[in-house]
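Asker: Predicted model and sequence follow; I will ask about them next.
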Amino acid sequence: GAGVSQSPSNKVTEKGKDVELRCDPISGHTALYWYRQSLGQGLEFLIYFQGNSAPDKSGLPSDRFSAERTGGSVSTLTIQRTQQEDSAVYLCASSLGRSGSGNTIYFGEGSWLTVV
Amino acid sequence: GDSVTQMEGPVTLSEEAFLTINCTYTATGYPSLFWYVQYPGEGLQLLLKATKADDKGSNKGFEATYRKETTSFHLEKGSVQVSDSAVYFCALSDWSGGSNYKLTFGKGTLLTVNP
């Protein structure tokens, strides 16, 4: 597609429920990233995919968070048993390769998650 | 670890005023430096970047120079417009330590430009 697409754009969920956030990266981009943007915390790295593998999951805040990527394309971030502190904007991004190779990272518009 | 510190704002200016948003960094290796912008209701967009010392990134009238000696990458624009109102993020990607795919961001600076 023309850009990184995320869905849903907004999600309100009850505490304790599971949520799934979807990301469609730019076609042909092998690298995919999830970041979280919350008030007072700025932008935090969550996970990096190269193809379908996730060599770095170090930013996932707890074992309630997981992510997968299939077909080297679509990725899903799953949050189980949501808590109020999970409320944030979850940003997906993609690049042709690793950003350190000089490849620009392109961000989606984010999924706004509110846990009530 | 790597970190980015930028002035938190908010910054409020009148149209045609001069803009500076300060950014300093700490990095283990030799980072690439970026400014991203987030307009209201939109996603993060790369504004400009610099990959080595003394490089100047520029775009849309904005400029920033990679200063290794002061570990800084301040964003400047000579004459801001109302349409520049947005949140600006300074970020780095560190080439060393095998984690050069990660962007480390500052907390962002909200800029409001009044007509």
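Answerer: Received the coordinates, thanks.

Asker: any idea how far whichever strand or helix holds residue B:36 is from the chain center?
Answerer: Element membership for residue B:36, per DSSP states H and E: strand B:31-38. Computed by Cα atoms, centre = their mean, to the nearest Å, the chain-centroid distance of strand B:31-38 equals 5 Å.

Asker: who touches the helix or strand that that strand is followed by?
Answerer: Going down the chain from strand B:31-38, the next helix or strand is strand B:44-50, by DSSP H and E. Residues outside strand B:44-50 that contact it (Cβ atoms under 8 Å, 6 or more residues apart in numbering or on different chains) are A:91, A:93, A:104-107, B:32-39, B:56-60, B:62-66, B:73, B:75, B:88-89. All C-beta spots, glycine's among them, are computed from the backbone N, C-alpha and C.

Asker: Name only those of these that count as buried.
Answerer: A:91, A:93, A:105-107, B:32-38, B:57, B:62-66, B:73, B:75, B:88-89 (16 or more other Cβ atoms under 10 Å in any protein chain shown).

Asker: near chain A, which residues of chain B show up?
Answerer: B:32, B:36, B:41-46, B:49, B:51, B:89, B:91, B:93-95, B:99-108 (Cβ under 8 Å from any Cβ of the partner chain).

Asker: picking that back up, adjacent strands (with direction) for the strand holding residue B:36?
Answerer: strand B:44-50 (antiparallel), strand B:86-94 (antiparallel) (DSSP bridges).

Asker: low-scoring stretches of chain B, by residue?
Answerer: B:95-100 (pLDDT under 70).

Asker: so who does the spatially most central residue of chain A touch?
Answerer: Computing the C-alpha centroid of chain A and ranking residues by Cα atoms, centre = their mean puts residue A:34 first, at 3.1 Å. Contact analysis of residue A:34 by Cβ under 8 Å, 6+ apart lists A:23, A:46-47, A:67, A:75, A:77, A:90-93.

Asker: Ok, residue A:20 next?
Answerer: By Cβ under 8 Å, 6+ apart, the neighbours of residue A:20 are A:76-78.

Asker: circling back: of the contacts of residue A:34, which is the nearest to chain B?
Answerer: Using Cβ to the nearest Cβ, residue A:91 is the member of these that lies nearest chain B, at 6.8 Å.

Asker: In terms of helices and strands, where is the closest one?
Answerer: strand A:88-95.

Asker: Sheet partners, orientation included, of that strand?
Answerer: strand A:31-38 (antiparallel), strand A:106-107 (antiparallel), strand A:111-115 (antiparallel).

Asker: Quick check: residue B:62 touching residue B:76?
Answerer: Yes. Between residue B:62 and residue B:76 there is a contact under Cβ atoms under 8 Å: 7.1 Å.

Asker: so where's chain A uncertain?
Answerer: Across chain A, residues meeting the criterion (pLDDT under 70) sit at A:1, A:98-102.

Asker: For it, which segments are assigned as helices?
Answerer: With helices called from DSSP state H, chain A shows none.

Asker: Much appreciated, bye for now.
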